[in-house]
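Asks: any chance you could fold what I've pasted below:
(one chain, ligands or ions: 1)
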Amino acid sequence: MNRKYRNTVIAANWKMNMLPSQVKAYAGELKALTAQSKWCDIVVCPSFVMLPAVHKAFRDCRIGTGAQNMSENEKGAFTGEVSAEQLVDLDIHYVILGHSERRQLYGETDLTVNKKVLAALNTNLRPIICVGESLLEREMGVTAERVTLQVKSALSGVPLTKMRRVIIAYEPIWAIGTGKTATSAEAGEVCNNIRAIIRNLYGARTSRAVTILYGGSMNAKNARELLSQPDIDGGLIGSASLSPSEFAQIVDAANQDNA
Ligand code: 13P
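Replies: Model prediction:
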């Protein structure tokens, strides 16, 4: 982390877990456990059906709410889709885009992700853009190329003035939900590369200000070590975010490091 230049963000990606009836208890516990959190922005991203309840539950504190996906289209005949404007109307501030599960299971391409990023930035939403290589790509030694392609295509057409609202999450696919974490050095190196790409595209000042997260089996035990890397500014947490106490311990780790 480097708090001098950018915000630390710890975000929960609940994926398709939790029930609307569980939101109140979760929020009560998380609020109590993170009341002292000073240095990090906390975001909770539930399924669409729970967005209003989560937003309401955190209305009286600084914990933000995010969606896990949205349509690249503005409005109209797109049955089953949710637009950026609809999220903004609910006062939602963040949206996860291009998660590897969306790319692998629902056929999202770099082009779709780019359209969604542009649509999100056309409103006040802050996109959390997920990138990351597969196990095969890592073994073939093409991690840097894969991640560079994903970052550059996601940012195609994004103007300098909107870049500071962008958050990038490096999530190696082989580390998601597997219990295998990238070593802090491996994760730090890729996040450093991502910042270098942003520097080439937008200049040093902007690249210093962009928050880059790590995601993939991050938990209360390994958070501190991962967050000690200068270019890892927070985490996107799946399984470990389903327990308010474990998630709060990750928030603690992010608050303690004085980098
Ligand atoms: P896990 O923390 O369960 O590995 O999931 C990471 C992730 O995909 C967050 O978006």
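Asks: what sits closest to the closest residue to the ligand within the chain if chain neighbours are left out?
Replies: Closest residue of the chain to the ligand, C-beta to the nearest ligand atom: Gly238 (2.3 Å). For glycine as for every other residue, the C-beta is placed from the backbone atoms N, C-alpha and C. Excluding its sequence neighbours, the residue lying closest to Gly238 (C-beta to C-beta, 6 or more residues apart in numbering) is Asn13, at 5.3 Å.
Asks: quick revisit: residues contacting the residue of the chain closest to the ligand?
Replies: 13, 15, 176-177, 215, 217 (C-beta atoms under 8 Å, 6 or more residues apart in numbering).
Asks: in PyMOL, how would I select just the buried ones from these?
Replies: In PyMOL syntax, the buried subset of these is picked out as below (16 or more other C-beta atoms under 10 Å):
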select buried, resi 13+15+176+215+217
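Asks: check the contacts of Gly238 and tell me the two furthest apart.
Replies: Pairwise distances across the contacts of Gly238 (C-beta to C-beta) peak at 13.6 Å, for the pair Lys15 and Ser217.
Asks: tell me the pLDDT of the residue of the chain closest to the ligand.
Replies: Looking at Gly238, its pLDDT is 98.
Asks: likewise Asp257?
Replies: Predicted confidence (pLDDT) for Asp257: 57.
Asks: before we move on, what about Met1?
Replies: pLDDT at Met1 comes out at 86.
Asks: relative to Leu236, how far out is it?
Replies: Applying C-beta to C-beta, to the nearest Å, the value for Met1 to Leu236 is 15 Å.
Asks: starting at the chain centroid, how far to stretch 33-44?
Replies: 15 Å (C-alpha atoms, centre = their mean, to the nearest Å).
Asks: what's next to that stretch, contact-wise?
Replies: 3, 7-12, 14, 30, 54, 58, 61-66, 93-94, 128, 234, 241, 244-245, 248, 251-252, 254-255.
Asks: in a strand, that's where Val9 is, yeah?
Replies: Yes. Checked against DSSP: H, G, I helix; E, B strand; the rest coil, Val9 lies within a strand.
Asks: what about it, how many neighbours?
Replies: Look at Val9: counted by other C-beta atoms under 10 Å, it has 23 neighbours.
Asks: beta partners for it?
Replies: Val9 has these beta-bridge partners by DSSP bridges: Asp41, Gly234.
Asks: that one is in contact with Ile212, isn't it?
Replies: No. Applying C-beta atoms under 8 Å, one finds Val9 not in contact with Ile212, separated by 9.5 Å.
Asks: joint contacts of the two?
Replies: 167, 233.
Asks: residues in contact with Thr181?
Replies: Here Thr181 is in contact with 175, 187, 216-218, 222, 226 (criterion: C-beta under 8 Å, 6+ apart).
Asks: roughly how far does Thr143 sit from Leu105?
Replies: 22 Å.
Asks: who has more neighbours, the two?
Replies: Thr143 (21 against 9).
Asks: how about the nearest residue to the more buried one, chain neighbours excluded?
Replies: Leaving aside its sequence neighbours, Thr143 sits nearest to Glu133 (C-beta to C-beta, 6+ apart; 4.4 Å).
Asks: do the helix or strand where Glu189 lies and the ligand meet at all?
Replies: Assigned by DSSP states H and E, Glu189 belongs to helix 184-202. No. Helix 184-202 is not in contact with the ligand by C-beta under 6 Å from any ligand atom; minimum separation 12.4 Å.
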